[in-house]
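**Q** Below is the structure, and that's it, no one-letter string:
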């Protein structure tokens, strides 16, 4: 009798793991929770770009620096948003990079918004590499001063890019060490994770400055993840805010001052008086 119970328990566990294996991308990429605009809103300061990939076109927006400050090629940020967001949510806030003379490329994930394809680590990596190639060829961008900025899931996207392409700095906000670290939350083995996004492995070998920003009371990606990333990076700065996940940072003006200090200390920009 006990043997039958063990066998049935094992069978149900294997079925459960199989279900998780098939459904995990719906958890990691919850497209069904995001209301997608039928067409993108027109922003006077946004240049819209379409990135060609093997699975179709993905959307990108470029926010150019203030033309008055553009005496030479400028630094540029590649930004990757969280898994429940779209690039549509970010131009008004991230345009503040322009105050520092920095351009911003907002990249959409495959399958998100108006972009074709399906999201996965492989398709995101292809998208970000192709977009990077377009960005560094722009005459108004300095390819030696590319900053990678990822929020939440976006940290995985930019870390994957950082492992393959050169950059001047890396900013990780509310980011995890790896997707496999969450497998235990679902009582599943880590090897079942199809999109591991091993950020910790990338950070350990990243030679340039890293800024880790994390909320102390983050209920989605625990603060311990941010601390682990900070301690593993050879050249890291850690900023802790008294917040959770979705309200990080608590004050954007404070955040932008922190960003200016980090980019200035990294030699990417000159401090604005």
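**A** Noted; the coordinates are in hand. Since the model is a prediction, treat every value here as computed from it, not as a measurement.
**Q** show me where the stretch 51-200 of the chain has helices.
**A** Counting by DSSP state H, counting those that start in this stretch, the stretch 51-200 of the chain has helices at residues 91-94, 121-136, 153-162, 199-204.
**Q** Out of the ones you listed, which one sits most buried?
**A** Most buried of the helices of the stretch 51-200 of the chain, by mean neighbour count (mean count of other C-beta atoms under 10 Å): helix 153-162, with a mean of 27. Yep, even glycine has a C-beta here, placed from its N, CA and C like the rest.
**Q** Remind me what that one packs against, helices and strands.
**A** strand 74-80, helix 121-136, strand 141-151, strand 169-173, helix 199-204 (3 or more C-beta pairs under 8 Å, 6 or more residues apart in numbering; DSSP states H and E).
**Q** how about these, which one is nearest residue 234?
**A** Residue 234 lies closest to helix 199-204 among the helices and strands packed on helix 153-162, at 7.8 Å (C-beta to C-beta).
**Q** Going by neighbour count, list what's buried in the longest helix seen in the chain.
**A** Determined from DSSP state H, the single longest helix within the chain is helix 2-28. Neighbour counts over helix 2-28 (16 or more other C-beta atoms under 10 Å) mark 17, 20, 24-25, 28 as buried.
**Q** With stretch 26-38 instead?
**A** Result for stretch 26-38 [16+ other C-beta under 10 Å]: buried residues 28-29, 31.
**Q** can you put those in JSON lines and add pLDDT and distance to residue 83?
**A** Formatted as JSON lines, these follow (pLDDT from 0 to 100; distance: C-beta to C-beta, whole Å):
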{"residue": "28", "pLDDT": "94", "distance to residue 83": "6"}
{"residue": "29", "pLDDT": "95", "distance to residue 83": "6"}
{"residue": "31", "pLDDT": "89", "distance to residue 83": "9"}
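**Q** Redo the helices of the stretch 51-200 of the chain as a markdown table? Include mean pLDDT.
**A** Below are these laid out as a markdown table (pLDDT from 0 to 100):
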| stretch | mean pLDDT |
| --- | --- |
| helix 91-94 | 94 |
| helix 121-136 | 98 |
| helix 153-162 | 98 |
| helix 199-204 | 97 |
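**Q** can I get those in a markdown table with distance to residue 142?
**A** Output for the helices of the stretch 51-200 of the chain, formatted as a markdown table (distance: least, C-beta to C-beta, whole Å):
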| stretch | distance to residue 142 |
| --- | --- |
| helix 91-94 | 18 |
| helix 121-136 | 9 |
| helix 153-162 | 17 |
| helix 199-204 | 23 |
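**Q** So for residue 52, which of those helices sits nearest?
**A** helix 121-136 (6.6 Å).
**Q** burial measure for residue 207, as a count.
**A** For residue 207, the count of nearby residues is 11 (other C-beta atoms under 10 Å).
**Q** How is it assigned, secondary-structure-wise?
**A** Under DSSP: H, G, I helix; E, B strand; the rest coil, the three-state class of residue 207 is coil.
**Q** Leaving out the residues flanking it, which one is nearest to it?
**A** Leaving out its chain neighbours, the residue that sits closest to residue 207 by C-beta to C-beta, 6 or more residues apart in numbering is residue 234, at 6.8 Å.
**Q** can you state the direction angle for the longest helix of the chain and helix 121-136?
**A** Counting by axes from the mean of the first three to the mean of the last three C-alpha atoms, to 10 degrees, helix 2-28 lies at 20 degrees to helix 121-136.
**Q** before we move on, the earlier item: out of the helices and strands packed on helix 153-162, nearest to residue 210?
**A** strand 169-173 (4.7 Å).
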